[in-house]
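Undergrad: Need coordinates for the below:
(2 chains)
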Amino acid sequence: MAATDVVDRIKTHIGKTQKPVTALVEAGHLKRFAEAIGDPNPRWLEEAPPTFLVAIAPTSYHLDEAEQYGRGWLNGGNRFEYLEPVKVGDRITATGKVADVYEKSGSSGNLLFIIFETEYTNQHGRTVARLRGTAIRR
Amino acid sequence: MSVVAKVGDEIPELVKHPTMRQLVQYAGASGDFYEIHYDQDFARSVSLPGVILHGLLKAGYLGQLLTDWIGDRGTLRSFDVSYRGVDVPGKPYRCRGRITKVDGKNVELEVWGEDENGQKTTLGTATVELD
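TA: Reported below is the predicted structural model:
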């Protein structure tokens, strides 16, 4: 299949909201996450560190079509916006969508950029954080 | 303790020593099991120098740099990172930051991660609201 056809097909996902994912913020999970970063701050026994929300719901969802473009994935960047703290025992619902898809020519060939946006809400229905991620196929 | 934040000031740096073990720990804790983070052959098969650090692990390091500096004196409001180069386990990763704007209680910073040659492989910005 020609690359332009693949890109056109991936573009049909733009704006579509994915099925929300809900997860409980568990103390053991927070502890393992902070240990993986090597951050000994005792605050993270009770509260989520800045990048934790990526661990309770994927930052990008699987796009089968995207695997037909290039050979591998790279993470281009992440933007977090924090509205309220996330604590142990919170029930977080993540709702993601593809915000944009575009192609760019790089020094070693063409790259495909897929922009994912995720909104995280807590058990009270309040938005606690937003995340924007740039996934790159190369 | 009040924070004296002046434009141009650097915040205390944080040097990390990522290992393959830590990458596996991060894969498990984050749920990101993409093979480029623990399988050397797979990583080379997609034209990488070998296993590389998760971008979000580097973001986690820069998050620690920020929350260590903020302590209980304020709140992180936003945090943006852009991955410009790859980093490999077994090499030090140096996290640094500098204040770029102070507007009352709101402070803006630039943060970055450097490889052992001083190359900035991760660039970011953050906004902090001080109490």
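Undergrad: can you give me the helices in chain A?
TA: A:3-11, A:27-37 (DSSP state H).
Undergrad: So for the first one, what gets flagged as buried?
TA: By neighbour count, and taking 16 or more other C-beta atoms under 10 Å in any protein chain shown as the criterion, the buried residues in helix A:3-11 are A:Val6, A:Val7, A:Arg9, A:Ile10, A:Lys11. In short, each C-beta sits where N, CA and C put it, glycine included.
Undergrad: distance between stretch B:112-121 and the chain's centre?
TA: For stretch B:112-121, the separation from the chain centroid amounts to 11 Å (computed by C-alpha atoms, centre = their mean, to the nearest Å).
Undergrad: Can you give me the first-to-last residue distance of that stretch?
TA: Stretch B:112-121 has an end-to-end distance of 8 Å (criterion: C-alpha to C-alpha, to the nearest Å).
Undergrad: Give the buried residues for it.
TA: Under the neighbour-count criterion of 16+ other C-beta under 10 Å, stretch B:112-121 has B:Trp112, B:Gly113, B:Glu114, B:Asp115, B:Thr121 buried.
Undergrad: Checking the most centrally placed residue in chain B next. Helix, strand or coil?
TA: In chain B, the residue lying closest to the centroid (C-alpha atoms, centre = their mean) is B:Leu62, at 2.8 Å. In three-state terms, and counting by DSSP: H, G, I helix; E, B strand; the rest coil, B:Leu62 is helix.
Undergrad: How about B:Gly118?
TA: Here B:Gly118 is recorded as coil under three-state DSSP.
Undergrad: Any figure for the gap between it and B:Arg96?
TA: Counting by C-beta to C-beta, to the nearest Å, the gap from B:Gly118 to B:Arg96 is 10 Å.
Undergrad: Likewise for B:Gly28?
TA: 28 Å.
Undergrad: out of those two, which sits in the more crowded spot?
TA: Each of B:Gly28 and B:Arg96 has its neighbours counted (other C-beta atoms under 10 Å in any protein chain shown); B:Arg96 has more, 18 against 14.
Undergrad: Which parts of the chain are strands?
TA: Picked chain A for this. A:21-24, A:73-82, A:91-106, A:109-121, A:127-137 (DSSP state E).
Undergrad: wrong one, I was asking about chain B
TA: Here chain B has its strands, by DSSP E, at B:10-16, B:74-83, B:93-103, B:106-114, B:120-130.
Undergrad: Compare those strands and give me the one nearest chain A.
TA: Nearest to chain A, of all the strands of chain B, is strand B:74-83, at 4.0 Å by C-beta to the nearest C-beta.
Undergrad: partners of that closest one, with directions?
TA: The pairing partners recorded for strand B:74-83 under DSSP bridges are strand A:73-82 (antiparallel), strand B:120-130 (antiparallel).
Undergrad: tell me how far the shortest one is from the chain's mean position?
TA: Meaning strand A:73-82. How far strand A:73-82 lies from its chain's middle: 7 Å, per C-alpha atoms, centre = their mean.
Undergrad: Name the residues that touch that strand?
TA: Under the criterion C-beta atoms under 8 Å, 6 or more residues apart in numbering or on different chains, residues A:50-51, A:53-54, A:59, A:113, A:128-138, B:34, B:36, B:54-56, B:59, B:75-83 lie in contact with strand A:73-82.
Undergrad: C-alpha coordinates for that strand, CSV please?
TA: Provided in CSV are the C-alpha atoms of strand A:73-82 (Å, rounded to 0.1, in the frame of the first residue of the first chain):
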residue,chain,number,x,y,z
TRP,A,73,7.7,4.2,17.1
LEU,A,74,9.5,7.1,18.8
ASN,A,75,8.1,9.4,21.4
GLY,A,76,8.4,13.0,20.2
GLY,A,77,7.2,14.8,23.4
ASN,A,78,4.7,15.1,26.2
ARG,A,79,2.8,18.0,27.6
PHE,A,80,1.1,17.7,31.0
GLU,A,81,-1.3,20.2,32.5
TYR,A,82,-2.2,19.8,36.2
